[in-house]
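> Here is a sequence together with a model predicted from it:
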Amino acid sequence: MIFDAHSDLPTYIYDERREGKRRVLEKRYNEFFGKGSIWSRVMAIWTRPDKRSSALRYNLEVLNVLYKDVLESDSFVIVTSVDEMRKAIKNGRVALWVGLEGGEPIEDSLDLLEIFYELGLRVLTLTWSLRNAIGDGVFERTNGGLTNFGVEVLGKAEELGVLVDLSHINERGFWDALETTSFPVIASHSNAYSLCNNSRNLKDEQIKAIAERDGVIGINAIPSFIDKEKPTLEKMIEHIVYTVDLTGYKHVGFGFDFVYYLKGWSGKSVEDFENEAKIPTLIEKLRERLSEKEIEAIAFENFERVFERVIG
């Protein structure tokens, strides 16, 4: 059973439904979920760069489309608590969490954050890789950390029960966030900088700091985050094992961030781990390096623990 902490599927669903298609998730169930035994997944609404000027409208439209597609489905349900997640899985349905990949749609308004919470938001990635009202992402040339509004956002997230995701924020903002909140945080889809020096990856000190808060780092399957020359499944496993060695197995999970289905996708993928259907191969290979107890925790239980502690 797999808990995937980051998926861009809302973008795909939005684009497909704008072309007149329906039951998008249901028709692609086996490819996106079934073959990989994914039973819980964060559906992150990404404010892609061309939508930043209309971020609020775009995110609301994508969220509306996501709800419509799930309502047309027999296999999925949107959940807002761990109890709802467990009930969904027990009833044979995949539990979907609503996330925002970047705080652009909340603009500079805590009221908008509260509204998104009422609409189902439970995971907030503070920034994408650019600057917003909360702080600077890793692609910015400046080194601004959290803004004053960003500090307020973390306080409101604590109050509401929204899990804060530190993937994409720059290093200064990362440390600002940890100084601002005492709650567990996650990095839903980031790998080890020591193994691949991509700015989106985390340095050892950052990985350890998340673990010290009882948080989780979700290892992802973006090729450039795994190895700049030859990204393979074996090298992805090295990121998993390296992070386990740094933190212990209770602070590592999966945030695959598969993008093969998105329009404009480069065609590049991790060798032997191109899509969800390869997840069983990943698990089998992990058995050569880790115990069954460790694998079960990484695959599902670690994110389940943090979601329950922060979201309830």
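Great, that's in hand. All values reported here derive from a predicted model rather than from experimental measurement.

> Phi first, then psi, for the nearest residue to Val82 once chain neighbours are set aside.
Ranked by Cβ to Cβ, 6 or more residues apart in numbering and with sequence neighbours excluded, the top spatial neighbour of Val82 is Glu308, at 4.2 Å. Bear in mind the C-beta positions are built from the backbone N, C-alpha and C, glycine included. When read as degrees, to the nearest 10, the backbone of Glu308 gives phi -70, psi -40.

> Tell me the buried residues in the worst-scoring helix or strand of the chain on mean pLDDT?
Of the helices and strands making up the chain, the lowest-confidence element is helix 29-32, at a mean of 89, by mean pLDDT, DSSP states H and E. Neighbour-count burial for helix 29-32, counted by 16 or more other Cβ atoms under 10 Å, picks out Tyr29, Phe32.

> Then stretch 271-279?
Within stretch 271-279, the residues that count as buried by 16+ other Cβ under 10 Å are Glu271, Phe273, Asn275, Glu276, Lys278, Ile279.

> Burial check on Gly312, number of neighbours?
By other Cβ atoms under 10 Å, the residues close to Gly312 number 11.

> Hmm, it is touching Glu84, no?
No: using Cβ atoms under 8 Å, Gly312 and Glu84 do not qualify as a contacting pair, with a distance of 10.0 Å.

> Can you give me the buried ones in stretch 145-163?
Residues of stretch 145-163 classed as buried: 145-147, 149-154, 156-157, 160-163 (neighbour count, 16+ other Cβ under 10 Å).

> So Phe3 lies in a strand, does it not?
Yes: using DSSP: H, G, I helix; E, B strand; the rest coil, the secondary structure at Phe3 is a strand.

> mind listing what it touches?
Ile38, Trp39, Ser40, Arg41, Gly253, Phe254, Ala299, Phe300, Asn302, Phe303, Glu304 (Cβ atoms under 8 Å, 6 or more residues apart in numbering).

> can you do 10 Å?
Taking Cβ atoms under 10 Å, 6 or more residues apart in numbering, we find Phe3 in contact with 38-42, 85, 95, 97, 216, 218, 253-255, 298-304, 307.

> State the distance from it to Val79.
Phe3 is 12 Å from Val79, where distance means Cβ to Cβ, to the nearest Å.

> Please enumerate the shared neighbours of the two.
Shared contacts of Phe3 and Val79, defined by Cβ under 10 Å, 6+ apart, comprise Ser40, Met85, Ala95, Trp97, Phe307.

> Scan the residues you listed and report the most crowded one.
For those, neighbours tallied by other Cβ under 10 Å; top is Trp97, 28 neighbours.

> My guess is that one contacts Gly255. True?
No: with the criterion set as Cβ atoms under 10 Å, Trp97 and Gly255 do not qualify as a contacting pair; they are 12.0 Å apart.

> got any residues that touch both of those two?
When Cβ under 10 Å, 6+ apart defines a contact, the residues bordering Trp97 and Gly255 alike are Phe3, Asp4, Ala5, Ser7, Arg41, Val42, Ala44, Phe303.

> Dihedrals phi and psi, the fourth one?
Read that as Ser7. Torsion angles, degrees, to the nearest 10, at Ser7: phi -140, psi 140.

> surely it meets Ile38?
Yes: judged on Cβ under 10 Å, Ser7 makes contact with Ile38 at a distance of 8.7 Å.

> Which of the two has more residues huddled nearby?
A side-by-side neighbour count of Ser7 and Ile38, using other Cβ under 10 Å, places Ser7 first with 29 against 22.

> What distance do you get for the closest residue to that one other than its chain neighbours to Asn64?
Excluding the flanking residues, the one nearest Ser7 by Cβ to Cβ, 6+ apart is Arg41, at 5.2 Å. When distances are taken as Cβ to Cβ, Arg41 and Asn64 turn out to be 19 Å apart.

> Between the two, tell me which one has more neighbours.
A count of neighbours by other Cβ under 10 Å puts Arg41 above the other of Arg41 and Asn64, at 26 against 13.

> Now do the SS call for that one.
Assigned by three-state DSSP, the conformation of Arg41 is strand.

> Tell me who's in contact with it.
The neighbours of Arg41, taking Cβ under 10 Å, 6+ apart as the test, are 2-7, 9, 32-33, 76, 94-97, 99, 254-256, 276.

> where exactly do the helices run in the stretch 201-312 of the chain?
Taking DSSP state H, counting those that start in this stretch as the criterion, the stretch 201-312 of the chain carries its helices at 204-212, 223-226, 233-247, 279-286, 292-296, 302-310.

> in the chain, which segments are predicted with low confidence?
Screening the chain residue by residue with the criterion pLDDT under 70, one finds the ranges 266-267.
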